[in-house]
Every structure is written in structure tokens, then in C-alpha cells.
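[1] task: produce atomic coordinates for the following.
(2 chains)
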Amino acid sequence: MSDQIVLPSYKEQSPEVSARFKALHQRPVKLKVEGLSKTFHTSKGSVNVLKSIDLDIHRREFVSVIGPSGCGKSTLIRMLAGLETLSDGRFLLNDKEVSGPSADRGMVFQGYTLFPWLTVKKNVMFGLEVNGASGTSVEQEALQWIELVGLARFAEAYPSQLSGGMKQRVAIARALATQPEVLFMDEPFGALDPHTRSQMQAYLLQIWKNVDVTIMFVTHDLDEAIYLSDRILVLKANPGEIHEFIEVPVPRPRTPGQFLSPEFLAVKQHLEELIHPERTDDDEPSDLPLVRMTSAGDNVE
Amino acid sequence: MKSHKKAAKASSPWFVIRKELDPNQRIILSCFSFLLPLIIWAVVSYTPFIWHPDVKLQLSADRTDVTTIYSAGDRLSKEFYPSFVEAIQSDNEKILAARESGEVDGSSFSIRRANLKTMRHLTPVAIANGWLSRDEVEDESLYEIWQQLAEGTLEQKSVQLSDENIEIVKRNWALMSDRSEVFNSKLLPETPLEKLVPQGKPSNPSYLPSPHEVVSKGFQDFTAEAEGNNPSLVQRYGHSLRIVFLGFLFAALVGVPLGVICGTFDFFSKLFEPFIDFFRYMPAPAFSTLLVAVFLANDAPKIALVFVGTFFQLVLVVANTTRQLDASLLEAAQTLGASKATQIRRVILPGILPDLFNDLRILLGWAWTWLVIAELIGVKSGLTEFMDTQGRFRNFDSVFPVIILIGVSGFVTDQILSSLRKYLFPWTPESSSKKHGLVGRFTFWLLDRKVYDTPLNGRI
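    Sure thing, here's the model as predicted:
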């Protein structure tokens, strides 16, 4: 590439995309967050991790959360899932205030968290059973979810016999089986190799298309965020505040071919600027000092 | 091609830093780890010049004017043995000298009695050589043996009498046969007979019996029937097992729930664990008199001692194991809607089960170590009473089999439980088999009834 490609603004939307966002904003608000704050008290004093977060997330929306490390993106969804207490503020699910963990807000963790002593099928049945369902219907329902994530052949396998990607698909099936209103995903593909990862992204989009679920997806991979999301919530660190809530102008259905489309690259460039701004401080040099440690005459590079 | 094959077949090296050996090598070495001590034991026992500081008497004699009596089977130090032999030889010289000069001390009755003793000193040799069986030792048959020995018609097998002794036997028999050809206590010689000179062979001290002695004595002891108030060794073994397992069972019954609760709720952890942590430093035997006072006689104080010795460790270990469970599993369960009770029953319990099994296996080993002390308190009982009694008589060939039995019991239980793991917990990486063990199925049916109740189970 000889010339710098001139990218459109990330705010430019094609008519179809713009219509889609209009419709999206017409949908009922699934999750409403008001003035959410989190302060951790440690022996070294208190740390303000998140400060007055306000959001509206609509039904069947796919929202990604990105931000520099330490910006509290994991803390945010853990609070919404009920796994962390709130220091201030509140959130509403379907206009009702909720607190504590519950099956209406599912969660997929980076570490799979499958129950190792249960087979795939019984892992998926777990959520249905603890919510009071029983009988043959539970098993059939579980098998349907397993089929949805393409693991019907492994229904009787133990998690230890599965690969990372398969484990994460089981975890998704397990989280979806209780039919949560919102599904939180905390860097779910972070531990997978790049190939499996892109495969999983495609699977996730497919699953999301087939299921009525609102997804909030934490990641640090910009491509992943753009490829999957309707909107991207960008946080900044110290304290964690909303930097920008971006509407992704890449039209749906999404395909891997769109990774090089002008809209995609425009969003990516903008995200890069938000997350990795030009350094102004001199704490860390931008380049390593040049010291030659190779033997004299080694001019391979 | 050939060289390739050779390379593949080349034996793997034995000494590699931090690398596992291949399975065959491991098995060989594991066998050697047991064989090596056995070999050392056998070598020390059967090679006279390595150690053998004592002489084990095969034939003994009474010294005049000395009250210490040695009988066959006793061990004398190598330094003392020659002087003992010399003393008897000089006694014999005195007897001969007295006979010559005709100055014999004592009444004819006391001389006959001394001669009867001298005659009877041959008994151990007669038994060892199989001329007499242990049950039919009678003076009449012993008298015949003296005759046959003097006439040289007996075959000497395991104990060879020295030429010196054969001569003494011949000279004595001449005197004895003069009086009577068959035994008659009134018709024993009334001149003092010469004493048989002590004989012995080099041996190790009584506390290191040789392997074959231990095996044969062990076999003898274990096949012996119970006599009156004295239970057989098999009954004693059963009794000891009962104490270990009951003590452990009670400790586990109380300790596991308490440990799980402490590991689950910080409230109970902080409420119980500090005191338990303190209590476990007080040695269980220190409570023995207290336990006897509280639980009185019989097995109760013994079981209580095993309990005290195991329980406190168990609670702390189980609590720790419970805390080791990946907390994110509990978070996942919560986001699936699991209540507190459900989390304990369906996540914590099955989640810690493989580690809990391992803990209990190790703690059962602990319980075994308390057995001997437990059996010593109050009224001595079980294997320990047997060891204690035999040890007092220095019958260490009877003590060793029991010590080994306790070790083997603990070791074998541990190995069995350890090998059960893969059947019980088929999901653990160590278990490659997909099959549920019987006990595992049952446990999970209890914990996770709904999952196993579904009629479709296994058919899809």
C-alpha cells in the first residue's frame, strides 16, 4: 500500500444502517442503568473503579464494552449480573429494579466454569433444574440447546474431554437454556486461539440471530467488538466513565469479508484513538532503546 | 532401517533430571524399593561375618555356684560365651577329679536330682533334631535318646553335637546303663555325671530375628486358635481394625460436614477454626487418662482417642479443600439461579468430592498411626496387647509380623482407595474411562437425583 487510504467518518451510516438504528431505538429498553458507581476499599485506600454510568440497552441489542485495562469493564457487567454489590446507583431490567444474581441475567465467563462432574447435557440441564423444572422435558430442552451450539454428538461427554471452543459453546448453551433476558459475556473468547476465536464469533452471531436475547459483551479485541456489535460502549480508566457509545455503521448480516470495509476500518481507527491516545507523558518511552546484541556482521535484518 | 529400529528400541536412560521414567522402569524401581530393605535384612541375618554379635545357645548347662541360668535359645554376647564354656569345662574337671578321689559332696538324692537335670539339658537338641516332638517330652524317651546317642544310632540333623559332647554322652551313658537300661528316677547314677558343654551358633540380637523366623513365627501365631480369655491373632486384628475404622468414621461423620460448612461460610470458619487449629497441637495421647475417665473401659476410650487424633486435622483439611473449589463455579451457578442450599448441594459437594476423597484417604493413614497408643490406654487390647506381651519376653519374632501386618493393612487400604478414584470420579482427567463407578453413580444419584432420575438417561 503506497498511499494512506482516506476513510469515511465512523459516524456516516448507509440508509439501511441508519434505518436499522432508528428501529432499534424504538424497541423497548431492556436494561436501564442509572448513575452506577463502584468503589473498592482496600488497605491502600479506596479506588473509584466506575463513576456514574448511565445507559439504555434495547431488546435484542448486541452491545460490546471495551476500554483500556483497569477501566472496570468486567466490574460493570459483574455488577449488572449481580455478582458485585453496587456502591451507588441502580439498574432496571424491564423497568423493574433488580439486585443479586438471578437466572434472568445469564453470564458466560472467560474460564468456561462448566461443572466438571456433570456431562455436557447435565451441565445444560443444571440451570433448568435449579429453577424448578423437572421431568423428561428438561432433558429434551437441554438437548435442543446443545444442538443449537452444534454439540449434539458430545451430549454425554465430560467437559474435560472437550476443547476450549467446545467448552465455551456448552457454557453459552447452559447460560441460554434458562432463557435469560440479558446475557453477559466476560471476554468469553479471550483464552482461545485466533482460529477458534473467529469461528466462535461466527457461531455467536448465528446463535444470537436464532434466540431472543440481549447481549452485553466485554472484550479487549477491537475487531471482535466491531464485528459482533450493534453498539460499542467505550470506557476510560481512572475512574471508569463512559467515553463514548458508538453506533457501528457496518451493515448486517456481518461476514468476515467486512473486516476490510471502509466503515469497519473507520470505526476501528476511531476506537484506536479513543483507547490508545497519543502519549503525552514521558513515563514510558514509546520505543525501546536501540542496542545491538547480535554478533558483528549479522546483517540479516 | 535397522539403525532406526535400534534407536527406537534403545532403552531410556535411568538418570534424567526432572523427567519421568517410562512405565517399565518405574515398576522395576517400585519393586526394588520393597526388595532392597528385604535384601539388606536377609543379608544381615544370614551372613555371619557381617554382624552377628551374639551366640544363640543350642545346648546349655547350669554352672555350679552361679545363680544365672541360661537355657537353649538364649543369646550370649560373643565376648562372654567362651568364658561360659570354660566355666562348664572346669566344672567337669572338678567332677572328674572328685570322682577319682572319691570325695563326692551331697547326698545320693541330691546327686540323682542334679544328674536328672544334666540329663534333661539334652532336650532342646532332641527337639531341634526331631528325635522328640515338643508335646511328648518325657524322661523315659529322653533316657532312650541318651542310649541311642551313646551307641551312635541317631542321625544328627540340624544340631550337631561336638565330639567333646559325644564323648561326654558316652562316658555318662556308661554310668547310667550300669544302674539301669530304662529310665527310673530312683536308679539314676549316684556319682555326678559330667555336664554337656554349651554349644551355640553366631546370631543377631533377639531384636533382629531373621526373615524366615519372622515368617514361620508369624504363620504359627496367626494360625493359632483362641485360648480361653486370650483371643486369637485374627480376632485381635479384627478388633484393631474396628477401633481404627470406627474412630475414623466418627471423625469423618462429624468432621466432614463441619469442614464443609467452615469452608463455605466465613462465619463458621472464623467461629470454629481458630480453636480447632489450637486444639490440634495438643497431642491426642495427652488425653488418654481423661478419655478413660469419661468413656470408662472397653473400646470407647480407644475409639475416642483415634477420633481426637484425627478429627481436628480433618476439619481443617476439609475446610481448606472446600475453599480450594473454584469460586467462579459458584458464580456461574448463581447466574443460573441457584439458591444457597442448591449451591452447597449441587456445586460445592460434588465439586470437592474427588479432593475430599483424597483427604479422607490420607487422614485414614493418620488414624492408623493412633491405633497402637489407643490400644495401650485403659485395658490393653488387640494387636498391641499381643505385641506388648511378646515384646516383654523379647519374642521379637512374634512382634515383627504384627508390626508388618499393621503397615501392610494401612498401605493396602490406601492403595485400594487410591485406585478406586478413577472409577468413582470419571470426570477427573486421571480417569480416562467413561464409565461411572457403582459408588460414584450412587453418590451422584443422592446428590443430583433429578439428573439421574430422567427416564431418557442414556438412551439418547
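
[2] per-residue confidence at residue A:110?
    Residue A:110 is assigned 89 on the pLDDT scale.

[3] for residue B:349, same thing?
    95.

[4] where's it, which helix or strand?
    helix B:349-376 (DSSP states H and E).

[5] now swap in residue A:53 and tell me
    Residue A:53 belongs to strand A:45-58, assigned by DSSP H and E.

[6] and for residue A:216?
    Residue A:216 is part of strand A:214-218, with elements assigned from DSSP H and E.

[7] quick one: that strand near chain B?
    No: figure legend: strand A:214-218 not in contact with chain B (C-beta under 8 Å from any C-beta of the partner chain); closest approach 12.8 Å. C-beta here means a position set from N, CA and C on the backbone, and glycine is covered the same way.

[8] ok, the strand or helix carrying residue B:248 near chain A or not?
    Element membership for residue B:248, per DSSP H and E: helix B:233-264. No: contact of helix B:233-264 with chain A (C-beta under 8 Å from any C-beta) is absent, the minimum separation being 15.8 Å.

[9] from the middle of its chain, how far away would stretch B:106-119 be?
    Its chain's average C-alpha position is 44 Å from that of stretch B:106-119, according to C-alpha atoms, centre = their mean, to the nearest Å.

[10] in that stretch, which residues are buried?
    Buried residues in stretch B:106-119, counted by 16 or more other C-beta atoms under 10 Å in any protein chain shown: B:111-112, B:114-115, B:118-119.

[11] redo those residues as CSV? Include pLDDT.
    Formatted as CSV, the buried residues of stretch B:106-119 follow (pLDDT from 0 to 100):
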residue, pLDDT
B:111, 89
B:112, 89
B:114, 88
B:115, 90
B:118, 90
B:119, 91
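
[12] can you list those residues in TSV and add secondary structure and distance to chain A?
    Rendered in TSV, the data for those read as follows (DSSP: H, G, I helix; E, B strand; the rest coil; distance: C-beta to the nearest C-beta, whole Å):
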residue	secondary structure	distance to chain A
B:111	helix	88
B:112	helix	86
B:114	helix	82
B:115	helix	83
B:118	helix	79
B:119	helix	78
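
[13] and the furthest pair within these?
    For the buried residues of stretch B:106-119, with distances taken as C-beta to C-beta, the pair at the greatest spread is B:111 and B:119 (12.4 Å).

[14] contact residues of chain A facing chain B?
    Looking at chain B, the residues of chain A close enough under C-beta under 8 Å from any C-beta are A:81-83, A:101-103, A:105-107, A:109, A:111, A:113, A:115-118, A:122, A:125-127, A:129-131, A:134-136, A:138-140, A:143, A:155-156, A:158-160, A:171, A:174-175, A:178, A:184.

[15] restricted to strands, list those residues.
    Using DSSP state E, the members of those that fall in strands are A:105-107, A:184.

[16] and the residue of chain B most remote from its centre, how far from chain A?
    In terms of distance from the mean C-alpha position of chain B, residue B:101 ranks first, at 57.6 Å (C-alpha atoms, centre = their mean). Taking C-beta to the nearest C-beta, to the nearest Å as the measure, residue B:101 falls 98 Å from chain A.

[17] break the chain down into its domains, please.
    Defaulting to chain A. Domain assignment for chain A by automatic domain parsing gives A:11-102+A:180-188+A:211-277, A:105-179.

[18] wrong one, I was asking about chain B
    If you go by automatic domain parsing, the domain ranges for chain B are B:11-52, B:54-203, B:222-419.

[19] residue A:43 is nearest to which of those?
    Nearest to residue A:43, of all the domains of chain B, is domain B:222-419, at 18.0 Å by C-beta to C-beta.

[20] and the next helix or strand past the helix or strand residue B:44 falls within?
    Here residue B:44 sits within helix B:23-46, counting by DSSP H and E. On the C-terminal side of helix B:23-46, the closest following helix or strand by DSSP H and E is strand B:54-59.

[21] keeping just the C-alphas, turn that following strand into PDB.
    Provided in PDB are the C-alpha atoms of strand B:54-59 (Å, rounded to 0.1, in the frame of the first residue of the first chain):
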ATOM      1  CA  ASP B  54      25.700 -62.800  69.900                       C
ATOM      2  CA  VAL B  55      25.800 -66.500  70.300                       C
ATOM      3  CA  LYS B  56      22.500 -68.300  70.400                       C
ATOM      4  CA  LEU B  57      22.600 -71.300  72.700                       C
ATOM      5  CA  GLN B  58      21.500 -74.600  71.200                       C
ATOM      6  CA  LEU B  59      22.600 -76.500  74.300                       C
END
